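# Build me a model from this:
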Amino acid sequence: MTLRFSVLASGSTGNAFYIETDQTRLLVDAGLSGKKLTSLFDQESLDPAKLTGILVTHEHSDHIKGLGIMARKYKLPIYANDKTWRAMEGSIGRIETDQKFHFDMETVKTFGDMEVESFGVSHDAAEPMFYTFRHENRKVALVTDLGYVSERIKKTVEDADAYIFEANHDVEMLRMGSYPWNLKRRILGDSGHVSNEDSGLALADIISNRTKRIYLAHLSQHNNLKDLARMSVDQVLKERGIEIELHDTDPGQATPLYEVG
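Okay, here's the model as predicted:
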């Protein structure tokens, strides 16, 4: 039995994450057009019609843009907490009652042979939450869209085999960039996004000997660069004696399906 995943898209323009076992196939977020999401599935020879369901992290458009389209086209169940359902219903179109499911924050839900744990994050949405995925003795943690990494989150996501972890911005690029000050303040605040350096500091606290792979995710298209994110996080980890290869994600290119082993 295996656990595999692909970061279909990640960035400030759209996010989607796919994870599967032999029995269960889940999509987390659908933040691109239905056409683009279908092409990303095709890139990895995956069939969205075979999905078990779609999990939603929060209602921002870069996470739900294609949600209603995908759910209606492939008759898929959607899982989200109550506040997120209320916040996004006006944006995703009509969803049949038998496709609406609740997944409360700080709970564990079993999908076939996969156990999914939800945890709250500090972000400016109704009730944002992210997930860890367990199958047999394997664990994958998806952690983006958070202003800071609390001790509670660290405890939840520590000791995973693989991480998809936010490295949203370089602080100096953001400070010097063209964004209006109120937007800069939001991103830098406790309910905004995690910087490259803070990403490295958090990862240093949570990764273990079993951690084999880290993907840097949700990079800002205006306030970060892939090379800069990798270099910054790597420097922080090396200062703490940690050597591990870091992998890129992309807003328009799926990462190759990776088998956690």
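# Now do the strands in the stretch 151-261 of the chain.
With strands called from DSSP state E, counting those that start in this stretch, the stretch 151-261 of the chain shows them at 162-166, 213-217, 246-247, 258-260.
# Same list (those strands) but as a markdown table, adding distance to Leu203 and mean pLDDT.
Bear in mind the C-beta positions are built from the backbone N, C-alpha and C, glycine included. A markdown table is the format used below for these (distance: least, Cβ to Cβ, whole Å; pLDDT from 0 to 100):
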| stretch | distance to Leu203 | mean pLDDT |
| --- | --- | --- |
| strand 162-166 | 6 | 98 |
| strand 213-217 | 7 | 98 |
| strand 246-247 | 9 | 98 |
| strand 258-260 | 17 | 97 |
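# Distance of the residue nearest to Phe165 when sequence neighbours are not counted relative to Met129?
Closest residue to Phe165 apart from its sequence neighbours, by Cβ to Cβ, 6 or more residues apart in numbering: Val143 at 5.1 Å. Here Val143 is placed at a distance of 11 Å from Met129 (Cβ to Cβ, to the nearest Å).
# Now stretch 86-95 - C-alpha only, PDB.
Provided in PDB are the C-alpha atoms of stretch 86-95 (Å, rounded to 0.1, in the frame of the first residue of the first chain):
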ATOM      1  CA  ARG A  86     -21.200  30.000   4.700                       C
ATOM      2  CA  ALA A  87     -18.400  32.300   3.400                       C
ATOM      3  CA  MET A  88     -18.000  30.600   0.000                       C
ATOM      4  CA  GLU A  89     -21.500  29.700  -0.900                       C
ATOM      5  CA  GLY A  90     -22.000  32.900  -2.900                       C
ATOM      6  CA  SER A  91     -18.900  32.200  -4.900                       C
ATOM      7  CA  ILE A  92     -19.100  28.600  -6.000                       C
ATOM      8  CA  GLY A  93     -22.600  28.400  -7.500                       C
ATOM      9  CA  ARG A  94     -25.300  25.800  -6.700                       C
ATOM     10  CA  ILE A  95     -24.100  22.600  -5.000                       C
END
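# picking up where we left off before, and the strands of the stretch 151-261 of the chain, which is most packed in?
Comparing the strands of the stretch 151-261 of the chain by mean neighbour count (mean count of other Cβ atoms under 10 Å), strand 162-166 ranks first with a mean of 27.
# Tally up the residues packed near the nearest residue to Ser33 once chain neighbours are set aside, please.
Spatial nearest neighbour of Ser33, chain neighbours left out: Gly66 (5.4 Å); criterion: Cβ to Cβ, 6+ apart. Neighbourhood size, Gly66 [other Cβ atoms under 10 Å]: 24.
# Then Asp42?
Asp42, neighbours per other Cβ under 10 Å, totals 12.
# which element is it on?
helix 34-43 (DSSP states H and E).
# What residues of that helix count as buried?
Under the neighbour-count criterion of 16 or more other Cβ atoms under 10 Å, helix 34-43 has Gly34, Lys36, Leu37, Thr38, Leu40, Phe41, Gln43 buried.
# can you check stretch 201-209 too?
Leu201, Ala202, Leu203, Ala204, Ile206, Ile207.
# OK, contacts around the fourth one?
Contacts of Ala204 were listed using Cβ atoms under 8 Å, 6 or more residues apart in numbering, and they are Val236, Leu237, Arg240, Ile242.
# Nearest residue to it in space, ignoring adjacent ones along the chain?
In space, and not counting its chain neighbours, Ala204 is closest to Arg240: 4.5 Å by Cβ to Cβ, 6+ apart.
# repeat for the fifth one
With Cβ to Cβ, 6+ apart as the criterion, Ile206 has its nearest non-adjacent residue at 4.2 Å, and that residue is Glu158.
# just to revisit the earlier point, reformat the buried residues of helix 34-43 as CSV; add pLDDT and distance to Arg134.
Compiled in CSV, the buried residues of helix 34-43 are given as follows (pLDDT from 0 to 100; distance: Cβ to Cβ, whole Å):
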residue, pLDDT, distance to Arg134
Gly34, 97, 30
Lys36, 97, 30
Leu37, 98, 25
Thr38, 97, 28
Leu40, 97, 25
Phe41, 98, 24
Gln43, 94, 26
